[in-house]
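[1] Here is the input, now give the coordinates:
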Amino acid sequence: MHVVVTGATGHIGTYLVPRLVRAGHRVTAVSRGTRQPYHPDPAWSQVRTVVADREADTFAADVAALRPDAVVDLVSFDLATTRPLVEALRPGGAFLAHCGTIWVHGPAAASPLREDDPREPFGEYGTRKAEIEEFLLAEGDLPCTVLHPGHISGPGWPVITPLGNLDPGVWHRLSTGAELLVPGLGLETLHHVHADDVAQGFELALAHRDAATGRSFHVVSDRALTVRGFARAAAAWWGREANLRSVSWEEFRAAAGEHAQASWEHLSRSHSASTDQARERLGYVPAFTSEQAARAAVEAMGLLGPSA
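    Alright, predicted model coming up:
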């Protein structure tokens, strides 16, 4: 199968492209050409690379001109850039696998979340991804599927901390035993996933095209972590006990400064997503737990030695 991957040198693509090559596919990697893959892999020597900018008017036609059997679209964030690609691919009938997000759900009303649960997305990112999913799964002439990752983690990628933000000070406090302020009770959930497990999901969707078409799938780790549970597990990486103090959101915002809004965006959703549908229909089995995915990222940041 000839597979075109857009955003191929990003975090997911870094793992996905070599997977596809090893599975026997002919792969064309499309990117802006501004960076190399996060990790070297000999499989890249067998990959055709094409430089193209998503914002260019000719992007969709350029991708379709590659005559793919399937397209994995990792870099579409609004309907305005998704619709032209679908229209360009429709005559050739390529299978389109789109990268969504569990944020299409909005605040969780039940746990774990299922793909068909009622949704109330909010914020630009989740709302736009929900619009894309609705459009793609209603597409009658082009086979499409949507995969929804959780908080993507792993080496080389900024990892969401136990407080739901990217503040490196969180890791410093957990590593030293310093006090860490936690908004509320710290029982909200965060659902991480290693980028290679997301790549696994896309590889499986291509391998089981009929089962994937017309559906969306959560691709996350086996279990989400609560704020407190994640903080305690992370502190143990350095042989520490987490020194946590519950505070109001008002006090937390004052202390967290620029990182407070990111915490609110993640913790107010409090996502824990089911992988039952991906397991049953695609054979998806995540290789990394949430803790393992996050730890791999922290190790790559140079803040922690490799695990035994």
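[2] measure residue 129 to residue 253 for me?
    Using C-beta to C-beta, to the nearest Å, one gets 26 Å for the distance from residue 129 to residue 253. Just so you know, the C-beta spots here come from the backbone N, C-alpha and C atoms, and that holds for glycine as well.
[3] Give me the more crowded residue out of these two.
    The neighbour count for residue 129 versus residue 253, taken as other C-beta atoms under 10 Å, is higher for residue 129 (26 against 16).
[4] how about the more buried one, what does it touch?
    Residues in contact with residue 129 (C-beta atoms under 8 Å, 6 or more residues apart in numbering) are 77, 100, 101, 103, 104, 121.
[5] Likewise for residue 29?
    5, 8, 9, 13, 17, 44, 47, 48, 49, 50.
[6] If you rank the residues you listed by neighbours, which is first?
    Greatest neighbour count in the contacts of residue 29, by other C-beta under 10 Å, goes to residue 5: 29 neighbours.
[7] From what I see, residue 160 and residue 267 are in contact.
    No - Residue 160 lies out of contact with residue 267 (C-beta atoms under 8 Å); the separation is 10.3 Å.
[8] Would you format the contacts of residue 29 as CSV with pLDDT and distance to residue 73 included?
    Listed next are the contacts of residue 29 as CSV, based on pLDDT from 0 to 100; distance: C-beta to C-beta, whole Å:
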residue, pLDDT, distance to residue 73
5, 98, 8
8, 94, 11
9, 92, 14
13, 96, 11
17, 97, 14
44, 92, 20
47, 97, 17
48, 96, 17
49, 94, 17
50, 95, 14
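[9] Tell me which entries of the residues you listed lie within strands.
    Under the assignment DSSP state E, the contacts of residue 29 contribute 5, 48, 49, 50 to strands.
[10] The first one and residue 101, how far apart?
    Computed with C-beta to C-beta, the distance linking residue 5 and residue 101 is 18 Å.
[11] Report all helices and strands that the helix or strand hosting residue 201 contacts.
    Per DSSP states H and E, residue 201 falls inside helix 195-207. Of the remaining helices and strands, those touching helix 195-207 by 3 or more C-beta pairs under 8 Å, 6 or more residues apart in numbering; DSSP states H and E are helix 11-22, strand 70-73, strand 95-99, strand 144-149, strand 151-153, strand 216-219, helix 276-282.
[12] Would you mind saying which of these lies nearest residue 114?
    helix 276-282 (7.3 Å; C-beta to C-beta).
[13] mind listing what's buried in the closest one?
    Buried positions in helix 276-282, judged by neighbour count with 16 or more other C-beta atoms under 10 Å: 277, 278, 279, 281, 282.
[14] Turn those into a markdown table, including pLDDT and distance to residue 29.
    Below are those laid out as a markdown table (pLDDT from 0 to 100; distance: C-beta to C-beta, whole Å):
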| residue | pLDDT | distance to residue 29 |
| --- | --- | --- |
| 277 | 98 | 29 |
| 278 | 98 | 24 |
| 279 | 98 | 29 |
| 281 | 98 | 27 |
| 282 | 98 | 23 |
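[15] from the residues you listed, which is closest to residue 223?
    residue 279 (13.4 Å).
[16] host element of the residue nearest to that closest one when sequence neighbours are not counted?
    Distances taken as C-beta to C-beta, 6 or more residues apart in numbering place residue 285 nearest to residue 279, at 6.6 Å, with adjacent residues excluded. Taking DSSP H and E as the definition, one finds residue 285 inside no helix or strand.
[17] how near is residue 285 to residue 292?
    The gap separating residue 285 from residue 292 is 14 Å, by C-beta to C-beta.
[18] Please say which of these two ends up with more neighbours.
    The neighbour comparison of residue 285 against residue 292 (other C-beta under 10 Å) goes to residue 292, with 16 against 12.
[19] what does the helix or strand hosting that one rub up against?
    Assigning secondary structure by DSSP H and E places residue 292 in helix 290-300. With contact meaning C-beta under 8 Å, 6+ apart, helix 290-300 is reached by 153-160, 171, 190-194, 197, 221-225, 230, 233-234, 237, 288, 304-307.
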